[in-house]
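> here is a sequence together with a model predicted from it:
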Amino acid sequence: MAAVDVNAESLGVPRKQLMESSGNAVARVCRDLAEPGGSVAIVAGRGNNGGDALVAARFLTEYDVTVHLLGRPETISTDIARENWDALVACDIPHRTVIDSTAFDLGDPDVVVDAMLGTGVTGALREPEATAARAINDSSATVLAVDVPSGVDADTGETAGVAVDADHVVTFHDDKPGLDALDAAVTVADIGIPAAAESFTGPGDLLALRRHAQSHKGDHGDVLVVGGGPYTGAPALAAQAALRAGADLARVACPDHVAREVQGYSENLIVSGFDGDHLEPGHVSDLLELAAERDVVVFGPGLGDADDSLEAVREFLESYDGTAVVDADALQVVPDVDTEATLICTPHQGELVKMGGQTDTDWETRRELVGEFAAELGHTLLVKGAYDVISDGDEVRVNRTGNPGMTVGGTGDVLAGATGALACVLPPLDAAAVAAYANGRAGDVAAGEFGNGLVATDLLERLPAGLRSEIDD
Ligand SMILES: NC(=O)C1=CN([C@@H]2O[C@H](COP(=O)(O)OP(=O)(O)OC[C@H]3O[C@@H](n4cnc5c(N)ncnc54)[C@H](O)[C@@H]3O)[C@@H](O)[C@H]2O)[C@H](O)CC1
Ligand SMILES: [K+]
């Protein structure tokens, strides 16, 4: 939800507007539960769940409303909830602050609105929420929970300790799996989150990176790029892109005669040469050993399409069960290779058709076609285009960043390398969606400076900025 909220904000639908819609939805459901003039006790927490109910208090003018804020106003944890508290006080809506659980007195209301905690709950309810939850459960009031009954995990339905036993729940935007097992009546309220906030990539998708960075310090991935042969720049671009997208290490396995050239592109790369002038089946066992200690393999940049090179890719994938990004000529091997590997394929539309997929000029049709083909392949697809279409066969995402200047050679190698780095820390679909988003943003910045004269290396040093989200979650 945090990612969707941030995407909605970047599309011009700010969180405070979503909160206003949530509060309005709470008021609408509350009106079904009490006669006008009835008494409504709103028990509000210090987060946005509480914020929703502080908005609802402004709507319920035909009721005898009292708001109980659990904690001092200065401990309200978000600005939009605090602003709604300040508005409620300025409007002289009856309210009190519960400093500790002994001061909690619910009264004898017809309806209690449980807005202590929603999707932000962590662990068992602390005080005064726990005492308040027991008082709510002991009351004879009809209980309406906001988004999720406080203490219930929205995803699993589990409760770590005491939880509010709600008669009704009004949840926002989409049903929450954790609500299915409850015997409460659930209303799913549309709060005006645009479908675009979920279907298009946006800054919200970058939050997953931040969450990962905190969890695994220093473990940001070791990427092996297997490529080179007819072309030497491609593997170097992909490997440098992996570093720029946050990988700790980037290695290139390429034919001996290009190893020096590839190393020449950047001393940041670790280059392992193999004999001959292109990849052959005889190299596969060494490659499997090299790949075994890596997090992700990026296959294809500059590999060329010699039959024995493609045979080598096929044999590698038949034995490899890790994660691999497959790009360029190696893509044609994927449709009929039997592999345990988790693949992220990054075709442009011509390569997609060569793989047996279909494309269309209309991006919404492409969404369907790519989703179906990804499901058929059993792998994640990132189909490049004016709108990139990304799918793992279940979900489909669309990326709108990027520009025509990026048709210059090499940008696909940069994207493949960035995807490889992100696949070290994110699930395949997210890795591909974030890579497409960041690569396109880097290309947009480069186009701002070089127009259609931008070249692939311009993307490299602009990738880190493409991965930074200005909007906080
Ligand atoms: N897109 C949407 O669906 C929108 C949902 N809205 C509402 O926002 C809440 C989530 O708000 P958030 O601030 O992230 O978290 P909570 O308010 O649920 O709780 C955080 C709050 O609670 C304290 N806390 C956490 N765990 C405990 C505990 N075990 N005991 C006591 N206190 C706890 C924590 O310190 C914070 O102060 C969502 O549910 C919706 O209701 C948005 O309003 C609009 C968009
Ligand atoms: K709640």
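Now that the structure is in, tell me what you want to look at. What you see is a predicted model; the values in this text were computed from it and never measured. Ligands and ions are numbered 1, 2, ... in the order given.

> what does the chain put close to ligand 1?
Counting by Cβ under 6 Å from any ligand atom, the residues of the chain close to ligand 1 are 1, 4-5, 15, 18-19, 22, 45-52, 77-78, 117-126, 129, 146-148, 172-173, 193. Quick note: C-beta positions are derived from backbone N, CA and C, even for glycine.

> show me what the helix or strand that residue 446 is a member of is packed against.
Using DSSP states H and E, residue 446 sits within helix 428-450. Under the contact criterion of 3 or more Cβ pairs under 8 Å, 6 or more residues apart in numbering; DSSP states H and E, helix 428-450 touches helix 207-215, strand 342-345, strand 380-383, strand 388-391, strand 396-399, helix 411-422, helix 456-466.

> among these, which gets the worst mean confidence?
Lowest mean pLDDT within the helices and strands packed on helix 428-450: helix 207-215, a mean of 77.

> about what we covered before: tell me the angle of the helix holding residue 446 relative to helix 456-466?
120 degrees (axes from the mean of the first three to the mean of the last three Cα atoms, to 10 degrees).

> any chance of the helices and strands packed on helix 428-450 in a markdown table, plus distance to residue 177?
Shown next, in a markdown table, are the helices and strands packed on helix 428-450 (distance: least, Cβ to Cβ, whole Å):
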| stretch | distance to residue 177 |
| --- | --- |
| helix 207-215 | 19 |
| strand 342-345 | 25 |
| strand 380-383 | 23 |
| strand 388-391 | 22 |
| strand 396-399 | 21 |
| helix 411-422 | 27 |
| helix 456-466 | 33 |
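
> now those in CSV, with mean neighbour count?
Below are the helices and strands packed on helix 428-450 laid out as CSV (neighbours: other Cβ atoms under 10 Å):
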stretch, mean neighbour count
helix 207-215, 15
strand 342-345, 25
strand 380-383, 28
strand 388-391, 29
strand 396-399, 23
helix 411-422, 32
helix 456-466, 20
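
> the residues of the chain next to ligand 1: which ones sit near ligand 2?
Among the residues of the chain next to ligand 1, the ones lying near ligand 2 by Cβ under 5 Å from the ion are 49, 118, 146.

> mind checking pLDDT for the last one?
Spelled out, that is residue 146. In this model, residue 146 carries a pLDDT of 98.

> wait, it sits on residue 115?
Yes: the criterion here is Cβ atoms under 8 Å, and residue 146 meets it with residue 115 at 4.1 Å.

> where do the contact lists of the two overlap?
Counting by Cβ atoms under 8 Å, 6 or more residues apart in numbering, the residues touching both residue 146 and residue 115 are 26, 49, 52, 53, 56.

> and the furthest pair within these?
49 and 56 (11.4 Å; Cβ to Cβ).

> what is in contact with these two at once?
Common contacts of residue 49 and residue 56 (Cβ under 8 Å, 6+ apart): 115, 146.

> just want to know which of the two has more residues nearby.
Using other Cβ atoms under 10 Å, the more surrounded residue of residue 49 and residue 56 is residue 56, with 29 against 24.

> ok, that one - contacts?
Going by Cβ under 8 Å, 6+ apart, residue 56 touches 23, 24, 26, 27, 30, 42, 113, 115, 146.

> of those, closest to ligand 1?
Distance to ligand 1 across these (Cβ to the nearest ligand atom) is lowest for residue 146, with 5.3 Å.

> who are the neighbours in contact with the closest one?
So residue 146 contacts 22, 26, 49, 52, 53, 56, 113, 114, 115, 118, 169, 170 (Cβ under 8 Å, 6+ apart).

> columns secondary structure and pLDDT on top of these, output as TSV?
TSV is the format used below for these (DSSP: H, G, I helix; E, B strand; the rest coil; pLDDT from 0 to 100):
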residue	secondary structure	pLDDT
22	helix	98
26	helix	98
49	helix	98
52	helix	98
53	helix	98
56	helix	98
113	strand	98
114	strand	98
115	strand	98
118	coil	96
169	strand	98
170	strand	98
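
> of the residues you listed, buried ones?
Neighbour-count burial (16 or more other Cβ atoms under 10 Å) applied to these gives 22, 26, 49, 52, 53, 56, 113, 114, 115, 118, 169, 170.

> spatially central, which residue of this protein would that be?
Centroid-nearest residue in the chain, with Cα atoms, centre = their mean: residue 205, separated by 3.9 Å.

> confirm for me that that residue is in contact with residue 434.
Yes: using Cβ under 8 Å, residue 205 is in contact with residue 434, at 5.4 Å.
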